[in-house]
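Peer 1: Got a sequence here, can you model it:
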Amino acid sequence: MFYDVMNTMTRTDTGYRFSASEAWSQGRSLFGGLVTAMAIKSMREEVPKTLPLRALQVTFIGPVPFGEVHVTVTKLRQGKSVTHMQANILVDGHVHCLVVAAFGAARESKIECSKLKRPIQKPLKECISRPYFEGLMPKFCQFFDAYWVEGNMPSTNIKDTNSVIYVSMKDVDNVDETALVTLADNIPSPALSMVDKLIPASSLVWSLEFLHHQEEYSAEGWQFDTQLLYAKEGYANHTCTIWSPCGKPVALSRQSVAVFG
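Peer 2: Next comes the predicted model:
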C-alpha cells in the first residue's frame, strides 16, 4: 500500500531513507510518481504544511532500484512568499532523479482566470476498464483502477491523440499531497496507443503545477484529460489536466517521454 511505503521514511546523517518493494516497480526502476512523492515528503520535513506546493519539476536521470531509496534535500531559497527546494535521489552516490519544487503562500491579487473546461463524463459501466496483467504491464499499475472514457489503451494501434481516463487509487481512503503526486504520474502517454504491441516508454522530464489545494481528497473518481501534442524520433510530449472527484481542476501535468517503438 502507498502509505506503508511513505511511512518507512527515516532520517539519516545525510538526508532521508525509504523502502519500497518490487511491487512498485516500472521496468528496472521504481515508479517515477512514487519516487517523486518520496522527494516531496522529504522536503516537507523542512517546509511547513501551511505553505502549499505550487509546482514541481522532475528529471528522471537513471533507474532507481526497488529496496532502499536515499534522498537528500537542499533549501535553494526562502523568500517572503515562496520557498524553493531541491531533492536528489541517490543510487550508489550518484543522482538518478532530481526534483525541484516551489512552495508558495497565497497572496492577494486582482487577477483571476480559468479557461479550463472539464471533459466529457460517462458512467463507469460505459467506460473501458483496464485490467492488470502481471508480466505484461508495469507492476505499479496493480495499485490503480483505470477506466477509459475517451481515447484508447496502449498497443491498440489507433492514431488517437487524446484520452480521458477515470483513475482511482486502491487500498487508500484519502489522497494527500504525496499520494496526489503519485496518482498524477500513473497514466500512459496517448502515444502508446499508436502501435500494435506493448512497447517500453520512460519519462525524461515531468512538470506538475497545482491549481487547487486541500489537505485530503477522495481516492476514487479522478479524471485525467490528456493530449498528445507532438511525437517524433522516439520522443513524445503530452499535457494533462487533472480533475478531482468533486470536479475541481487540481493540477496541470506535462511530460517528455522516450518511446521505444
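
Peer 1: Who does G104 form a beta bridge with?
Peer 2: V82 (DSSP bridges).

Peer 1: That one - how many residues pack around it?
Peer 2: A count of nearby residues for G104, using other CB atoms under 10 Å, gives 16. Glycine gets a C-beta too; all of them are placed from N, C-alpha and C.

Peer 1: wait, what's in contact with T10?
Peer 2: T10 makes contact with Y16, R17, according to CB atoms under 8 Å, 6 or more residues apart in numbering.

Peer 1: wait, isn't E46 in contact with T74?
Peer 2: No. Counting by CB atoms under 8 Å, no contact exists between E46 and T74, whose distance comes to 9.3 Å.

Peer 1: and for the two, which residues touch both?
Peer 2: Both E46 and T74 are in contact with M85, where contact means CB under 8 Å, 6+ apart.

Peer 1: and stretch 249-261, which residues are buried?
Peer 2: Within stretch 249-261, the residues scored as buried using 16 or more other CB atoms under 10 Å are P249, V250, A251, L252, S253, Q255, S256, V257, V259.

Peer 1: What does S193 show for phi and psi?
Peer 2: phi -80, psi -10 (degrees, to the nearest 10).

Peer 1: Okay, it and I128: tell me how far apart.
Peer 2: Going from S193 to I128 by CB to CB, to the nearest Å gives 12 Å.

Peer 1: okay, those two: which has more neighbours?
Peer 2: S193 (22 against 14).

Peer 1: give the contact list for that one.
Peer 2: G151, N152, M153, P154, S155, T156, N157, I158, D160, S163.

Peer 1: State the distance from the most centrally placed residue in the chain to S203.
Peer 2: By CA atoms, centre = their mean, the chain has its centre lying nearest to D185, at 2.5 Å. Per CB to CB, D185 is found 7 Å from S203.

Peer 1: which residues are in contact with both of these two?
Peer 2: Residues touching both D185 and S203 (CB under 8 Å, 6+ apart): G32.

Peer 1: Residue ranges in the stretch 101-250 of the chain under the pLDDT threshold?
Peer 2: The stretch 101-250 of the chain contains no residues with pLDDT under 70.

Peer 1: and if we set it to 90?
Peer 2: 112, 119-121, 124-125, 131, 134-136, 159-160, 198, 213-215 (pLDDT under 90).

Peer 1: give me the beta-bridge partners of Q223?
Peer 2: Beta-bridge pairing for Q223 (DSSP bridges): Y166, W243.

Peer 1: L124 is in contact with that one, correct?
Peer 2: No. Using CB under 8 Å, Q223 makes no contact with L124, being 11.8 Å away.

Peer 1: Tell me which of the two has more neighbours.
Peer 2: When Q223 and L124 are compared for neighbours, Q223 comes out ahead with 22 against 12, by other CB under 10 Å.

Peer 1: got a list of what that one touches?
Peer 2: Counted by CB under 8 Å, 6+ apart, Q223 has contacts R118, P119, Q121, V149, V164, I165, Y166, V167, I242, W243.
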